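[1] What would the 3D arrangement of this be:
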Amino acid sequence: MSRVPLVDPAQTSGSVRTSLDRIGNAFGTVPNMFRAVANSPAALQSMWGAFGAFSTGSLGPALSEQLAVAVADRNNCRYCLAAHTALGLGAGVSEQGMRDAQGAQADDPRVEALLNFAVDLVDRRGAVGAEDVQRLREHGWSDGEIVEAIAQVALNLFTNYINIALDVPVDFPAVPLSAESQAAAS
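    Have a look, this model is predicted:
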């Protein structure tokens, strides 16, 4: 059970109502995460604005969802793992591709390098080195794409922390954490 009330979109007004209406239009319903975040209009505006900005980013929806799944799995965020797996499948990533992304793996070495970088950012709390950034460049990632990947990792940390700290009920099809994440959690 969520540790904060899940805001009922029908019982809101002003900027929260506007944001929740937009979210509902995008998803066909208002996911529980946004209903929890709606307790803070500023947090809701920040989160939804960031998702909107990245929807037109250079990494594209498929890779963005793979990054989100890698971060969610590393942080043991069942909500984000379920949500972003569903969104990744909708963006054309195969089921195997989404499972691989949980462990920062991909068929494409370029994508795998970026997924590993994302997981390193999480594990090292952002303290990656010049050689890590250079390795991405050697895989063909531009500086703009590297900055965007870091920003997306930060957004995913925000959503992971919201869902874990507030125990937001998962309202997407459940996805098991990878074996590595399950072992680290125990």
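
[2] all helices of the protein, in order?
    Along the chain, counting by DSSP state H, helices occupy 14-27, 32-37, 41-54, 60-74, 78-90, 95-102, 109-123, 130-138, 143-165, 179-185.

[3] And the shortest one, what does it pack against?
    Looking back up the chat, that one is helix 32-37. Packing contacts for helix 32-37, counted by 3 or more C-beta pairs under 8 Å, 6 or more residues apart in numbering; DSSP states H and E, involve helix 14-27, helix 41-54, helix 78-90, helix 143-165. Glycine gets a C-beta too; all of them are placed from N, C-alpha and C.

[4] Report the buried residues of the third one.
    It stands for helix 78-90. For helix 78-90, a neighbour-count test (16 or more other C-beta atoms under 10 Å) marks 78-89 as buried.

[5] now swap in the first one and tell me
    Taking 16+ other C-beta under 10 Å as the neighbour-count basis, helix 14-27 is seen to contain the buried residues 16, 19-20, 23.

[6] need the contact list for the spatially most central residue of the chain.
    Most central in the chain under C-alpha atoms, centre = their mean is residue 68, positioned 3.4 Å from the mean C-alpha point. Going by C-beta atoms under 8 Å, 6 or more residues apart in numbering, residue 68 touches 80, 84, 87-88, 152, 156.

[7] would you turn those residues into CSV with distance to residue 97 and pLDDT?
    Conversion of those to CSV gives the following (distance: C-beta to C-beta, whole Å; pLDDT from 0 to 100):
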residue, distance to residue 97, pLDDT
80, 17, 97
84, 12, 97
87, 13, 95
88, 7, 96
152, 17, 97
156, 18, 97
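
[8] between those residues, which is nearest residue 42?
    Minimum distance to residue 42 across the contacts of residue 68 is 19.1 Å, recorded for residue 156 (C-beta to C-beta).
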